[in-house]
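>>> requesting a structural model of the entry that follows:
(one chain, ligands or ions: 1)
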Amino acid sequence: MTQALRLGIAGLGTVGVGVVKIIRRHADLLRDRTGRPIEIVAVSARSPEKDRGVSLKDYQWETDPVALAKRDDIDVFVELMGGENGPAKASVEAALASGKDVVTANKALLAIHGQALAEQAEAAGRAIRFEAAVAGGIPVIKSLTEGLAGNEITRVMGVMNGTCNYILTRMQSQELGYNALFEECAELGYLEADPNLDVGGIDAAHKLALLSSIAFGTKPNFDGIEIEGIQQISLEDIHQAADMGYRIKLLGVAQRTPRGLEQRMQPCLVPSDSPLGQLEGGTNMVVIEGDAVEQIVLRGPGAGEGPTASAVLGDICDLARGLLIPTFGRPAVSLKDAAPARTGLPAPYYLRLALLDKPGALAKVAAVLGDAGVSIDRMRQYAHSESTAPVLIVTHKTTRTTLDHALNGLNATDVVADDPVALRIEQV
Ligand code: HSE
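Just a heads-up that it's a prediction; the model follows:
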């Protein structure tokens, strides 16, 4: 029989257990598809005694994931521990140094250290695969790297954090505020150990950094992403956006502009009737635009045991078939430094201001915007009971730099009570 592909799996949380279950359940199917058996040789996790709902008795245990990564009797090291440094980084480096291929779901590790790890892998003739790191069960890495390899990619966009999309769509449908939904997500176990990774936009930005690299041939540049979370979005924003025919989404956008690579992860208004506007709950969506294909839309579960394990197995099967594709779709040494561009392309913006309710306040706002070169498209002041009056403004198209200048001007007046909320209206 053809030689088995032998795995060492580090991390037996939700995803690791899901991978073990699929390998046990579909042993014959996986062998038939790849032409060789796929076997788990050894595993590593904290708490070996814990009941994980799947039999682990056939596998050897290592307490140290680095020792697991170095074992002579594995071909592929499957890293499912998470974390951008610590054991995840040390064990992936050890695996590559000892001639193993790596499969990982670790977006933070690759967004921060992906360039160095990819160079290490490719110098050793090995592969790092990470389908599960971006948008869970959606095969977006494979689509970009392989299916769309004949395109010049012009834009990649996506909703890639299910927790944020769950919160934003429940605000819309259930009339619940952000804080109540944050608590609900905590109770449901949706939040990362550090919730700011989710609601602060960081988890989704890690994913965008990886897609950008593949799409544009640049080194992953997480630090070049403009990131804003969803914490400041109010029910009022949700209502006002809906009233104008929009939904608010935590949207990642990466595109080449004449001034460099623009990468941003921020709450935006998108048309309610667009595929992104209609995306409900914890589902993810990635939209890819290329010169030949025009536009494709990928939609599916972005997290969870089955979907994420499905993506890990896709990578494992490719390695079993001998498919060694460079980590970011082209040789790592050829990836360019991304010249990060502050959001340059003009767009309309939605502004919400809390104005002190006194004579001349609106006139001062209009003057500051006018002086900065920001033109008002629509403006509304609505009912209020406190000493501040909520004012909503939709601008004509303007650049983010011009808008920031105007926002600084507004903050410097004596009539704006809180930091204004400013959301880009994105044409998708
Ligand atoms: N916490 C992420 C989400 C899943 O809510 O989409 C893992 O990246």
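>>> the ligand contacts on the stretch 51-200 of the chain?
By the rule C-beta under 6 Å from any ligand atom, the part of the stretch 51-200 of the chain lying against the ligand is 161-163, 192, 198. Just so you know, the C-beta spots here come from the backbone N, C-alpha and C atoms, and that holds for glycine as well.
>>> of those residues, closest to Phe222?
Minimum separation from Phe222 among those (C-beta to C-beta) is found for Asn161, which lies at 14.8 Å.
>>> for the closest one, which non-adjacent residue is closest in space?
Nearest-residue entry for Asn161: Ala204, 4.0 Å, with adjacent residues in sequence omitted and distances by C-beta to C-beta, 6 or more residues apart in numbering.
>>> helices along this structure, start to end?
Read by DSSP state H, the chain holds these helices, from start to end of the chain: 14-25, 27-34, 65-70, 86-97, 107-123, 140-142, 162-174, 178-188, 196-199, 202-216, 235-243, 305-320, 361-372, 400-411.
>>> to Asp337, which of those helices lies closest?
Shortest distance between Asp337 and those, using C-beta to C-beta, is found for helix 107-123: 9.7 Å.
>>> quick one: buried residues of that closest one?
When neighbours are counted by 16 or more other C-beta atoms under 10 Å, the buried residues of helix 107-123 are found to be 107-115, 117-122.
>>> re the thing from before, tell me which of the helices of the chain is the most buried.
When these are scored by mean count of other C-beta atoms under 10 Å, the highest mean neighbour count falls to helix 202-216 (a mean of 27).
>>> what angle do helix 107-123 and it make with each other?
30 degrees (axes from the mean of the first three to the mean of the last three C-alpha atoms, to 10 degrees).
>>> before we move on, back to that, and the buried residues of helix 107-123, which is closest to the ligand?
Using C-beta to the nearest ligand atom, Lys107 comes nearest to the ligand of the buried residues of helix 107-123, at 6.4 Å.
>>> relative to Leu197, how far out is that closest one?
When C-beta to C-beta, to the nearest Å is the yardstick, Lys107 and Leu197 sit 10 Å from each other.
>>> could you do Leu56 as well?
As for Leu56, its distance to Leu197 is 28 Å (criterion: C-beta to C-beta).
>>> repeat that for Leu181.
In this structure, Leu181 and Leu197 are separated by 17 Å, where distance is defined by C-beta to C-beta.
>>> got it, and Glu119?
Shown here: Glu119 relative to Leu197, a distance of 26 Å by C-beta to C-beta.
>>> residue ranges with poor pLDDT in this structure?
Low-confidence segments of the chain (pLDDT under 70): 1, 343-344, 385.
>>> tell me the domain ranges of it?
Using automatic domain parsing, the domains assigned to the chain come out as 5-133, 140-302, 349-425.
>>> quick check: phi and psi on the residue of the chain most remote from its centre?
Distance to the chain centre peaks in the chain at Pro359, reaching 45.0 Å (criterion: C-alpha atoms, centre = their mean). When quoted as degrees, to the nearest 10, the phi and psi of Pro359 stand at phi -60, psi 140.
>>> residues touching it, list them.
Contact criterion C-beta atoms under 8 Å, 6 or more residues apart in numbering gives no residues in contact with Pro359.
>>> gap between it and Val415?
Applying C-beta to C-beta to Pro359 and Val415 gives a distance of 10 Å.
>>> measure how buried the residue lying closest to Asp315 once chain neighbours are set aside is and give me the count.
Take Asp315 and drop its neighbours on the chain: the residue closest to it by C-beta to C-beta, 6+ apart is Arg129, 3.6 Å away. Counted with other C-beta atoms under 10 Å, residues neighbouring Arg129 total 27.
>>> how about the residues of the stretch 201-350 of the chain near the ligand?
Checking the stretch 201-350 of the chain against the ligand by C-beta under 6 Å from any ligand atom, the hits are 203, 302-303.
>>> number of nearby residues for the closest residue to the ligand within the stretch 301-428 of the chain?
Of all residues in the stretch 301-428 of the chain, Ala303 sits closest to the ligand, with a separation of 3.7 Å (C-beta to the nearest ligand atom). By the criterion of other C-beta under 10 Å, Ala303 has 21 neighbours.
>>> for beta bridges, what are the partners of Ile9?
Residues found in beta-bridge contact with Ile9 (criterion: DSSP bridges) are Val43, Val78.
>>> pretty sure it sits against Ser44.
Yes: with contacts counted by C-beta atoms under 8 Å, Ile9 reaches Ser44, the gap being 7.4 Å.
>>> so for the two, which sits in the more crowded spot?
Here Ile9 and Ser44 are compared on neighbour count by other C-beta under 10 Å; more neighbours surround Ile9, at 30 against 27.
>>> tell me who's in contact with the more buried one.
Neighbouring residues of Ile9 by C-beta under 8 Å, 6+ apart: 16, 19-20, 40, 42-44, 78, 80.
>>> was I right to think Asp101 contacts Ile128?
Yes: if you go by C-beta under 8 Å, Asp101 and Ile128 touch, sitting 7.5 Å apart.
>>> which residues are in contact with each of those two?
For the pair Asp101 and Ile128, residues contacting each of them under the criterion C-beta under 8 Å, 6+ apart are Ala121.
>>> compare those two (neighbour count), which wins?
Counting neighbours by other C-beta under 10 Å for Asp101 and for Ile128 shows that Ile128 has the greater number, 27 against 24.
>>> who's that one bridged to?
Ile128 forms beta bridges with Val102, as assigned by DSSP bridges.
>>> could you check how far it is from the ligand?
As for Ile128, its distance to the ligand is 18 Å (criterion: C-beta to the nearest ligand atom, to the nearest Å).
>>> before we move on, what about Ser213?
Remark: distance between Ser213 and the ligand (C-beta to the nearest ligand atom) = 17 Å.
>>> do Gly281 as well
Note on Gly281: its distance to the ligand, by C-beta to the nearest ligand atom, is 11 Å.
>>> from memory that residue sits against Cys164, does it?
No: Gly281 lies out of contact with Cys164 (C-beta under 8 Å); the separation is 11.1 Å.
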